[in-house]
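Chemist: Sequence and predicted structure are below.
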Amino acid sequence: MTVKEAIDALERFAPLSLQEDYDNAGLQVGLTEADVSGVLLCLDVTPDIIAEALREGCNLIVSHHPLIFRGLKQLCDQNMVARCVGSALRHNLTLYAAHTNLDNAEGGVNYELASRLGATVTGWLKPLSDGKGGSGAVAELPAAELPADFLRRVKQTLGIHTLCTNQGPADRPIRRIGLCGGSGDFLLDEAVRQGCDCFLTGEMHYHQYFGHEADIWIGVLGHYQSEIPAVQLLRRILADACPDVRLVVSAIDTNPIRYI
């Protein structure tokens, strides 16, 4: 199978047309006509990820976060992005990112989060104009849970080191949840409007925690922690579409945030 055929499989699931206008999903570096020796799946591309791909004999790296997010004006060794691009070119590696198109796709990252929590997605927080995708998801738990019990379960299930929350409505059980992996604080008001009992996301600005004591519970997971399920989702997409391709899930924790 060629790199192009693997990319085509990813884009059938998450078309690039679904990405946000600020994004740079898609082919990042490399050629597409080469045969795939193996695919390394990761959240971020770093020098350690490049080295891991070479050790594993993988010539295609599929990440969730784009390595090249803003334009490169120099290809040198003065920053990590440029060093990774140069290394990929020297070693004939192809880099591909499925980012907000994977977030916004039906069955995408927010569906994966919902599934891990035992919830069923029922709609979008912010549907795209064509109705075929959207930002954030609304999901229903099979039964209501006490807020403290639910948030503890979220922390345990998703492997959260530190979960940040507000003081939500103490007498309101949680059944309807809003979800947005990554930076989803722009959807908080929509989660309130749609009657969600809790909103889970990866990042939230400090002042947004205020004023929702009677509205909604907030659970902030950490950006990395909220999106690491994307890696297993990418693995499933490629395993289903390209069963003969060797897939390697990265063993490297690329989260740049450390907890002490």
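Modeler: Good, I have the coordinates. Numbers count the residues shown, from 1 in each chain.
Chemist: Output the longest helix belonging to the chain.
Modeler: Ranked by residue count under DSSP state H, the longest helix found in the chain is helix 229-241.
Chemist: continuing past it, what's the next helix or strand?
Modeler: strand 247-249 (DSSP states H and E).
Chemist: Would you mind pulling the contact partners of that next one?
Modeler: Residues from elsewhere that reach strand 247-249 (C-beta atoms under 8 Å, 6 or more residues apart in numbering): 38, 39, 40, 41, 42, 56, 58, 231, 232, 235, 238, 239. Any C-beta I mention is one placed from the backbone N, CA and C, and that applies to glycine too.
Chemist: mind running it again at 6 Å?
Modeler: Outside strand 247-249, the residues that touch it by C-beta atoms under 6 Å, 6 or more residues apart in numbering are 38, 39, 40, 41, 56, 58, 231, 235, 238.
Chemist: Mark which of the residues you listed are buried, thanks.
Modeler: 39, 40, 41, 56, 58, 231, 235, 238 (16 or more other C-beta atoms under 10 Å).
Chemist: now the residues you listed as a markdown table including distance to residue 140 and pLDDT?
Modeler: A markdown table is the format used below for the buried ones among the contacts of strand 247-249 (distance: C-beta to C-beta, whole Å; pLDDT from 0 to 100):
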| residue | distance to residue 140 | pLDDT |
| --- | --- | --- |
| 39 | 34 | 98 |
| 40 | 35 | 98 |
| 41 | 30 | 98 |
| 56 | 40 | 98 |
| 58 | 39 | 98 |
| 231 | 26 | 98 |
| 235 | 26 | 98 |
| 238 | 29 | 98 |
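Chemist: Go through those and name the one nearest residue 220.
Modeler: Nearest to residue 220, judged by C-beta to C-beta, of the buried ones among the contacts of strand 247-249 is residue 231 at 20.5 Å.
Chemist: How about the contacts made by the closest one?
Modeler: Per C-beta under 6 Å, 6+ apart, neighbours of residue 231: 41, 43, 249.
Chemist: so which of those residues comes closest to residue 192?
Modeler: For the contacts of residue 231, the nearest to residue 192 is residue 43 (29.1 Å; C-beta to C-beta).
Chemist: and the closest one, how many neighbours?
Modeler: 22 (other C-beta atoms under 10 Å).
Chemist: likewise residue 73?
Modeler: 7.
Chemist: Relative to residue 97, how far out is it?
Modeler: 20 Å (C-beta to C-beta, to the nearest Å).
Chemist: hmm, back to that, please produce CSV containing the contacts of residue 231, extended by distance to residue 121.
Modeler: Shown next, in CSV, are the contacts of residue 231 (distance: C-beta to C-beta, whole Å):
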residue, distance to residue 121
41, 23
43, 22
249, 24
